[in-house]
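Q: Here you go, sequence then predicted model.
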Amino acid sequence: LMYKEVELALGLNSYYSKTTLLNLHPNVKVLRHPDHLPGGVFLWAHHEKVVVVDQSIAFLGGIDLCYGRWDDYLHRLADLGSARPEQQLSNNTPLSQRHTDSGEQNGSLLNHTPDNQTRKPHISFADPEESPRNPQITLMTPNGGTGDLKMDSSVDNMSFHDEDEVKVEIPTESLENNSRENNNQDNNNHKPLDSEEVDGKVPEDETNREHSASEDAGNSEAEQSTEQGTKKKRVGILKLPSVDHSSTPEYIPNRLAHTNSYSAGISQLPGMEGEAKLWIGKDYVNFIAKDFVELEKPFSDFIDRTTVPRMPWHDIGAVVYGKAARDVGRHFIQRWNAAKVEKAKTNPTCPMLLPRSYEEFHTPRVVYGTTRCDVQILRSSSKWSAGISVTEKSIYEAYLWAIQQAQHYIYIENQFFISCLENNPYVHNQIVKALFDKIVQCEKKGKNFRVYVVLPLLPGFPGEIGTPSGLAIQAVFHWNFTTMCKGENSLLTRLAKEVRDPYSYVSFCGLRTHTELNGTPVSEMVYVHSKMMIVDDRISIIGSANINDRSMIGEKDSEMAVIVTDTQMRQSRMDGEEYQAGVFSSMLRKRCFREHLGLMDGDQGIDLEDIVCNEFFKDVWVKRAAVNTKIYDDVFHCIPTDRATTFLSLNRYKQTEGLVVTDIAEARRELKRVQGNLVLQPLMFLNQEELSPALLSKEGMAPTELWT
């Protein structure tokens, strides 16, 4: 069940996704919703992200099933694989390494590894049909290689030497017997070759088996055969192709051409030439640099990865079991059936779905690390999105309730922060008012209370702020700043009238990282797409809902979330006192803090239990964010920044150069001082300018509720 976008406004190409899915199998059914007919829904979207298996296991959260979403805590900016610029290609480089599937030249793909990197070799077994009696075995190394691989009957005798060629031996014992013996070796980490691997017919979905064939497996079987005195025969010559004399694609078996092996240097799949990349083609994304194009060509790069860093992605999802998963399944069934009646009522190939009963429910096997908790599924649903007559906004109600329950801290990660303190004709949700009331309440009690808010540094729209292409970015900035810090009814302005120091209660941060790209330091923000709130290490809300009216009001975008109340407790501390923290919520919160603070390899003596005390809030969280922010601004002249409060000062700031240009050695020394990804939100950025879009611009002519 897919969101059907307004094609003039969003280039999602959901039609391509629909047809691709339908072509997989007759049992795959796809509906897109809604149809944008006169009088229909144009402004709102199906924003929920849900996968349900057998109405027993459900995944939900902020993670879209689309390009660019996969990431890990390393948040890599560069993903060249073996790519190097087009001008470095030799004249005899195969054309398959020079073109993408769109037929255009691709200057970022070629087998190449810096000379100072040593990589292990990789053996791929050629199709035996090319030479039935003596199948060729091609050895490829990511660095192009300068010698051949020598293998004899001893596993220990495996080394490089300088001869031009070397003969390789593999056992000819019955493959059936080998397979039977190998199945009995459950505790052996080395997987021997089986018939499919020797024949070069590795299934496309079993690429890991092809990987293991390269070294450990081949050696394991050689050793086994030696012990049994198995007769061997010579099967071919191993040669290491250099960068300038790589093997032609014809020698790679078709089944192996699609594998993403460590050294898949020659591939028949355009756009995947070179060593393995983590983000292939359209999965390499930077939304600020360029929006998606040609989505029907998934393996084609649309961003020059040799010059533009990718934009890392930070997101949160959850998996639930039991009756909560059944609730998610029932919600999907309700939406599917409503869309079926509206769009495909008489289509016999599109079935109506029936929910399972809650009786005699058996929880399936759960994944490692699952915690037993009290769980309630939440949603934003209405007549247009789910076919229900009464609008439901239980996500919004859960946020308000959880904030009211808070006694020590609130931790928020969200893509947006658009709310209101007073009556506002354009913004109606009052999440920020609940935060304000809680802080004022704690001030009156003389109690320490912290609100941690992590947001993206820039909205995820293409364009350059301060130019006509950046008006959409400015529009979102306007509403975020109006909520946080700008104007009489912003949170920090109102708190300044009620508490001694608003910044002792509230911290607004973002995420940024850096790396080397083509020998030059580069930086990019980590895009915060998660929609999560944790309260007091006991309550967590994880879902798809942003903090804005679109997600919270219920009658606009459709959303799904889960609120988790811990039932298993562990000993902890809060504001210097003993405290019973929930196992799930505290573990999730500490995992996020370790990533943001650069503590994934160890806590470095930092106490992550008590995040309310001054020693952590001021001396660790705020200080580390402030130091990182200054370093990045000095080195890269990052935008946004507190150093530009007007468009005029922003233009002057753009024309000056950071250390990365004026003193690259000093820049590298400074970057070594960066700890984690945490930086401060630039709350003074363009604070003297009106950022709402001009009325005559296309952004200004759009309904205001589109942005809120």
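A: Thanks, I have the structure now. Numbers count the residues shown, from 1 in each chain.
Q: contacts, neighbours, all on C-alpha from now
A: Will do.
Q: In space, what's closest to residue 12 - neighbours in sequence excluded?
A: Closest residue to residue 12 apart from its sequence neighbours, by C-alpha to C-alpha, 6 or more residues apart in numbering: residue 5 at 6.9 Å.
Q: That neighbour in helix, strand or coil?
A: coil (DSSP: H, G, I helix; E, B strand; the rest coil).
Q: residue contacts, it?
A: 11-14, 45 (C-alpha atoms under 8 Å, 6 or more residues apart in numbering).
Q: Over to it: give its phi and psi.
A: When quoted as degrees, to the nearest 10, the phi and psi of residue 5 stand at phi -80, psi 160.
Q: From residue 47, how far out is it?
A: Noted for residue 5: a distance of 11 Å to residue 47, by C-alpha to C-alpha, to the nearest Å.
Q: where exactly do the helices run in the stretch 301-450 of the chain?
A: Using DSSP state H, counting those that start in this stretch, the helices of the stretch 301-450 of the chain run over 323-343, 383-386, 394-405, 431-445.
Q: Quote the end-to-end distance of stretch 602-610.
A: Stretch 602-610 end-to-end distance (C-alpha to C-alpha) = 17 Å.
Q: Can you pull out the residues in contact with it?
A: 572-576, 590, 593-594, 616, 620.
Q: For the helices of the stretch 301-450 of the chain, which has the smallest mean pLDDT value?
A: Among the helices of the stretch 301-450 of the chain, helix 383-386 carries the lowest mean pLDDT, at a mean of 88.
Q: okay, now the closest residue to residue 517 other than its chain neighbours: neighbour count?
A: Spatial nearest neighbour of residue 517, excluding adjacent residues (C-alpha to C-alpha, 6+ apart): residue 78 at 6.4 Å. Residue 78: 24 surrounding residues under other C-alpha atoms under 10 Å.
Q: Next, residue 78: secondary structure please.
A: Look at residue 78: counting by three-state DSSP, its state is coil.
Q: Model confidence at it, what's the number?
A: For residue 78, the model assigns a pLDDT of 93.
Q: got a list of contacts for the lengthiest strand in the chain?
A: Assignment by DSSP state E gives strand 506-517 as the longest strand of the chain. Outside strand 506-517, the residues within contact range by C-alpha under 8 Å, 6+ apart are 75-78, 306-307, 309, 450-457, 521-528, 596, 622, 625, 676-681.
Q: now do 7 Å
A: 77-78, 450-457, 521-526, 677-681 (C-alpha atoms under 7 Å, 6 or more residues apart in numbering).
Q: Okay, and which of these map to strands?
A: Residues of those located in strands (DSSP E): 450-454, 521-525, 678-680.
Q: re the thing from before, closest to residue 660 out of the contacts of stretch 602-610?
A: Taking C-alpha to C-alpha as the measure, residue 660 sits nearest to residue 620 out of the contacts of stretch 602-610, at 26.9 Å.
Q: Assumed that closest one was part of a helix.
A: Yes: under three-state DSSP, residue 620 sits within a helix.
Q: Would you map the strands across the stretch 451-600 of the chain?
A: With DSSP state E, counting those that start in this stretch as the criterion, the stretch 451-600 of the chain has strands at 506-517, 520-525, 527-528, 532-535, 539-543, 559-566, 569-574, 577-582.
Q: Deepest-packed of these, please.
A: strand 539-543 (a mean of 27; mean count of other C-alpha atoms under 10 Å).
Q: How far off centre is stretch 516-529?
A: On the basis of C-alpha atoms, centre = their mean, to the nearest Å, stretch 516-529 sits 15 Å off its chain's mean C-alpha point.
Q: and if you look at stretch 448-468?
A: The answer for stretch 448-468 is 18 Å, by C-alpha atoms, centre = their mean.
Q: and that stretch, average pLDDT?
A: pLDDT averaged over stretch 448-468 gives 90.
Q: Now residue 662: phi and psi?
A: Per degrees, to the nearest 10, the backbone of residue 662 is at phi -80, psi -30.
Q: Distance check, it against residue 344.
A: Residue 662 is 63 Å from residue 344, by C-alpha to C-alpha.
Q: who has more neighbours, these two?
A: Applying other C-alpha under 10 Å to residue 662 and residue 344 shows that residue 344 carries more neighbours, namely 15 against 12.
Q: residues contacting the more buried one?
A: Contacts of residue 344 were listed using C-alpha under 7 Å, 6+ apart, and they are residue 350.
Q: Report the residue spans of the stretch 1-150 of the chain with pLDDT below the cut-off.
A: The model of the stretch 1-150 of the chain has pLDDT under 70 over residues 7-9, 37-40, 82-150.
Q: The same query, at a cut-off of 80, please.
A: The stretch 1-150 of the chain contains residues with pLDDT under 80 at 6-12, 36-42, 82-150.
Q: Could you check how many residues crowd around the nearest residue to residue 73 once chain neighbours are set aside?
A: Nearest in space to residue 73, with sequence neighbours left out and distances taken as C-alpha to C-alpha, 6+ apart, is residue 595 at 6.2 Å. Residue 595 has 18 neighbouring residues, counting by other C-alpha under 10 Å.
Q: gap between residue 595 and residue 626?
A: Distance, residue 595 to residue 626, by C-alpha to C-alpha: 17 Å.
Q: cool, residue 469 as well?
A: Per C-alpha to C-alpha, residue 469 is found 30 Å from residue 626.
Q: which residues touch the closest residue to residue 505 other than its chain neighbours?
A: Excluding its sequence neighbours, the residue lying closest to residue 505 (C-alpha to C-alpha, 6+ apart) is residue 450, at 4.8 Å. Contact analysis of residue 450 by C-alpha under 7 Å, 6+ apart lists 408-410, 505-506, 612.
Q: Flag the shaky bits of the stretch 451-600 of the chain, pLDDT-wise.
A: Answering for the stretch 451-600 of the chain: the residues below the bar, that is pLDDT under 80, span 462-463, 466.
Q: rerun that using 70 as the cut-off
A: For the stretch 451-600 of the chain (pLDDT under 70), the answer is none.
Q: picking that back up, who's the residue nearest to residue 505 bridged to?
A: In this entry, residue 450 is beta-bridged to residue 409, by DSSP bridges.
Q: What is the burial count for residue 669?
A: Residue 669 has 10 neighbours, counted by other C-alpha under 10 Å.
Q: same deal with the one 10 residues further on?
A: For residue 679, the neighbour count with other C-alpha under 10 Å is 31.
Q: heads up, I number from 12, so please use that
A: Yep, numbering from 12; the last one is residue 690 now.
Q: hang on, it packs against residue 643?
A: No: counting by C-alpha atoms under 7 Å, residue 643 is not a contact partner of residue 690; they are 8.9 Å apart.
Q: who touches residue 293 in this structure?
A: Residue 293 neighbours (C-alpha under 7 Å, 6+ apart): 78, 309-313.
Q: Tell me how far the residue nearest to residue 528 lies from residue 480.
A: Look at residue 89 and residue 480: by C-alpha to C-alpha, they are 26 Å apart.
Q: swap in residue 648?
A: The gap separating residue 648 from residue 480 is 20 Å, by C-alpha to C-alpha.
Q: what's the answer for residue 362, then?
A: Separation of residue 362 from residue 480 (C-alpha to C-alpha): 45 Å.
Q: can you check residue 583 too?
A: For residue 583 relative to residue 480 (C-alpha to C-alpha), the value is 49 Å.
Q: now swap in residue 501 and tell me
A: Applying C-alpha to C-alpha to residue 501 and residue 480 gives a distance of 27 Å.
Q: between those two, who's got more neighbours?
A: Under the neighbour definition other C-alpha under 10 Å, residue 501 and residue 480 were set side by side, and residue 501 has more, 22 against 13.
Q: and the nearest residue to that one once chain neighbours are set aside, how many neighbours?
A: Excluding the flanking residues, the one nearest residue 501 by C-alpha to C-alpha, 6+ apart is residue 494, at 4.8 Å. By the criterion of other C-alpha under 10 Å, residue 494 has 24 neighbours.
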